[in-house]
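pasted the sequence and its predicted model underneath.
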Amino acid sequence: MIGDSVREAAPLPPVPAMPLRPARALSVQTLLRTVPTNSLAVLDDALFEELIVFRRYLLQPVVFVSDPAAIRHVLIDRFDDYPRLTSIRRLFETDLRTGSLASEGETWRRHRRVATPTIDHRAIRPDVPGLIAIAEQMADGLAAGPETVDIERWVGGLATLLWNQVVTGGDPAGIPILRWLSKVPHKPRPIDLVPMPAWLARHFVHHRRDPARAELDRQLHAMIAARKAPGFTGAPDLLHRLAHARDRQDGAPLPDDEVRDEAASLIAGGAASVRALTWIWYLLALHPEVEARFHAELDAVLGDRPPLPEDLPKLTYTRRVLDEVMRLYPPIPVILRQAARADVVGGRRIRRGTFVAVLPWIVHRHRRLWQDPDRFDPDRFLDANAAGRPKLAYLPFAAGPRVCVGASFAVTQMLATIAVLGRRFRFRLASDAPVVPFGAISLQPKGGLPVRIERR
């Protein structure tokens, strides 16, 4: 019979949350109103169809670049010709001053040379056992706590403790400093995004200061000074390494004020780089078949014991899950540059002063670069499936000289935490309310992400 040969269609997998895409480009007035609320909500559908899109907002030309070859041109090959937008940099400058997140030119280069060895994979390797121990202690509290928790807020608290372990060796006095700097830059207002001369920006932008900043700044200076003192007996934490670091070109240290600025910059950058620790539990809750494979790998590698540092490279499927989470919800969703001189991008001439937008949020979901781009599929990152895909179709931590200096630490920290939590728990969405990704400097679920905890 006909009915005997008909199979019920398998249900389609859920589409992970995203803001509604406008059908067409927004007006300047609507764009300026929307960006401070959710920068992702201004990205219209055409941007996910074409690899190079030119727009003009009033008198300002803007080019959206998703073509991997053009991304390489802007972020790597002609890096010096594409500095960051002055209006965005000023948002960081108030609190970070000469730090690498707020500087350009030779100041940035010198800071980068000094800072990179203090946070690379070799420098953080001794911290990994301590990070795992903190994650296990926090997991104990999660097991003994309420059944429902806002995992976004909980992960934020855990990330602060983990980062404080690296930055200060776990000194409780570092926690308020990390919390202050995790809010840098402050949420932009429309006026902050308008190009203006430096003297005017000092009035409109730089006056925005946290009332507690002076005291927290004094404490940060004091912690750095303590680590520079001859009698310091503490662990060689990040502040210690930075205080004693030297420029590999001339052997000179950073001046004391610039050590403070770079420490503040590294701390602020570390806060945004681990947002995937929230989104992974949301995506696993939506995709039980992926969650089952994830748990099976943890059980096979770890059994019933906590992870060890040497276990992390063995978690190959878990790493693919993390990569796919960062594809859909990149830690750095927006990269903005400005052409310092006339150039050709993607075969099109652009004039000096053009804003160049490389948006991982778009690149990672672009229909010309990824098959079924809004679907969650960790096996995209199998070597066989990644063959032929341009390298710069995936840039969760940016790319080129300004690639996130803490990317190695962020991945290690996230893998360790995922292993600790995944070995012990499942997380189920505790609300039927829609999850809306909120894009500012980093990416987070608007209003948090309530989940119900199930012990495995």
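Nice, thanks for sending it over.

how about residue 342, what does it touch?
Contact analysis of residue 342 by C-beta atoms under 8 Å, 6 or more residues apart in numbering lists 349-352. C-beta coordinates here come from the backbone N, C-alpha and C atoms, glycine included.

let's see if you can find the most crowded of those.
Within these, most neighbours by other C-beta atoms under 10 Å means residue 350, with 20 neighbours.

now do the same for the residue nearest the centre of the chain: helix, strand or coil?
Most central in the chain under C-alpha atoms, centre = their mean is residue 331, positioned 2.5 Å from the mean C-alpha point. Here residue 331 is recorded as coil under DSSP: H, G, I helix; E, B strand; the rest coil.

ok, residue 353 next?
Per three-state DSSP, residue 353 ends up coil.

now do the same contact list for it.
60-61, 338-339.

among these, which ones are buried?
338-339 (16 or more other C-beta atoms under 10 Å).

among the contacts of residue 353, find the lowest-pLDDT one for me.
Among the contacts of residue 353, residue 60 carries the weakest pLDDT, at 91.

which strand residues bridge that residue?
residue 57 (DSSP bridges).

can you pull out the strands in this structure?
Counting by DSSP state E, one finds strands in the chain at the ranges 52-57, 60-65, 148-150, 335-338, 343-345, 348-350, 355-358, 425-429, 437-439, 443-445, 450-455.

contacting residues around the fourth one?
Residues outside strand 335-338 that contact it (C-beta under 8 Å, 6+ apart) are 74-75, 82-86, 88, 353-360, 398.

likewise for the last one?
Counting by C-beta under 8 Å, 6+ apart, strand 450-455 makes contact with 142-143, 147-151, 281-282, 285, 424-431, all of which sit outside it.

look up how far residue 48 lies from the closest residue to residue 93 other than its chain neighbours.
Distances taken as C-beta to C-beta, 6 or more residues apart in numbering place residue 102 nearest to residue 93, at 4.4 Å, with adjacent residues excluded. Distance of residue 102 to residue 48, given as C-beta to C-beta, to the nearest Å: 31 Å.

now do residue 19
Relative to residue 48, and taking C-beta to C-beta, residue 19 is found at 12 Å.

likewise residue 250?
According to C-beta to C-beta, residue 250 stands 46 Å off from residue 48.

now residue 169, what are its backbone angles?
Taking degrees, to the nearest 10, you get phi 70, psi 20 for the backbone angles of residue 169.

contact partners for it?
Contacts for residue 169 (C-beta under 8 Å, 6+ apart) come out as 234-235, 237, 240.

and if you look at residue 48?
21, 362, 365-367, 373.

6 Å instead, please
366-367 (C-beta atoms under 6 Å, 6 or more residues apart in numbering).

count of neighbours near the residue lying closest to residue 30 once chain neighbours are set aside?
Once flanking residues are discounted, residue 30 sits nearest to residue 42: 7.9 Å by C-beta to C-beta, 6+ apart. Counted with other C-beta under 10 Å, the neighbours of residue 42 add up to 20.

about what we covered before: from residue 430, how far off is the residue nearest to residue 93?
Residue 102 sits 39 Å away from residue 430, going by C-beta to C-beta.

tell me the pLDDT at residue 12?
Reported pLDDT for residue 12: 58.

make that residue 234, sorry
Among the per-residue scores, residue 234 shows a pLDDT of 92.

same check on residue 213?
Looking at residue 213, the pLDDT reads 84.

contacting residues for residue 322?
By C-beta under 6 Å, 6+ apart, no residues touch residue 322.

residue numbering should commence at 378 henceforth.
In the new count, where the first residue is 378, that last one comes out as residue 699.

okay, and the helix or strand of the chain with the least pLDDT?
Taking mean pLDDT, DSSP states H and E as the measure, the helix or strand of the chain with the lowest value is helix 575-581, at a mean of 65.

could you find the closest non-adjacent residue to residue 659?
Spatially, and ignoring its direct neighbours in sequence, residue 659 is nearest to residue 826 (5.9 Å; C-beta to C-beta, 6+ apart).

residue 531 is in contact with that neighbour, correct?
No - counting by C-beta atoms under 6 Å, residue 826 stays clear of residue 531, with 9.4 Å between them.

ok, those two, which is more surrounded?
When residue 826 is set against residue 531 and neighbours are counted by other C-beta under 10 Å, the residue ahead is residue 826, at 25 against 22.

so residue 541 makes contact with residue 551?
Yes - if you go by C-beta under 6 Å, residue 541 and residue 551 touch, sitting 4.7 Å apart.

the residue nearest to the centre of the chain: what's it in contact with?
649-650, 652, 773.

picking that back up, for the residue nearest to residue 659, give me its contacts.
Residue 826 touches 528-529, 655, 659, counting by C-beta under 6 Å, 6+ apart.

try it again with 8 Å
Shown in contact with residue 826 (C-beta under 8 Å, 6+ apart): 527-529, 655, 658-659, 806, 812.

derive a PyMOL selection command for the buried subset of those residues.
In PyMOL syntax, the buried subset of the contacts of residue 826 is picked out as below (16+ other C-beta under 10 Å):
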select buried, resi 527+528+529+655+658+659+806+812
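
and which of the contacts of residue 826 is nearest to residue 696?
In terms of C-beta to C-beta, no member of the contacts of residue 826 lies closer to residue 696 than residue 658, at 16.5 Å.

quick check: that closest one vs residue 675, distance?
Per C-beta to C-beta, residue 658 is found 14 Å from residue 675.

quick one on the thing from earlier: any of the contacts of strand 712-715 buried? List them.
451-452, 459-462, 465, 731-737, 775.

pLDDT-wise, what's the bottom of the residues you listed?
By pLDDT, residue 465 ranks lowest within the buried ones among the contacts of strand 712-715, coming in at 82.

OK, contacts around the residue nearest to residue 786 when sequence neighbours are not counted?
Among residues not flanking residue 786 along the chain, residue 501 sits closest, at 4.8 Å (C-beta to C-beta, 6+ apart). Residues near residue 501 by C-beta under 8 Å, 6+ apart: 543, 785-786, 789.

now swap in residue 461 and tell me
Here residue 461 is in contact with 481, 713-715 (criterion: C-beta under 8 Å, 6+ apart).

farthest-separated two in those residues?
481 and 713, at 13.3 Å, using C-beta to C-beta across the contacts of residue 461.

between the two, who's got more neighbours?
A count of neighbours by other C-beta under 10 Å puts residue 713 above the other of residue 481 and residue 713, at 16 against 13.

is that one bridged to anything, and to what?
Beta-bridge partners recorded for residue 713 (DSSP bridges): residue 734.

separation between residue 475 and residue 599?
Plainly put, residue 475 is 19 Å away from residue 599 if you go by C-beta to C-beta.

which one of the two has more residues nearby?
Counted by other C-beta under 10 Å, residue 475 and residue 599 do not tie: residue 475 has more neighbours, with 20 against 11.
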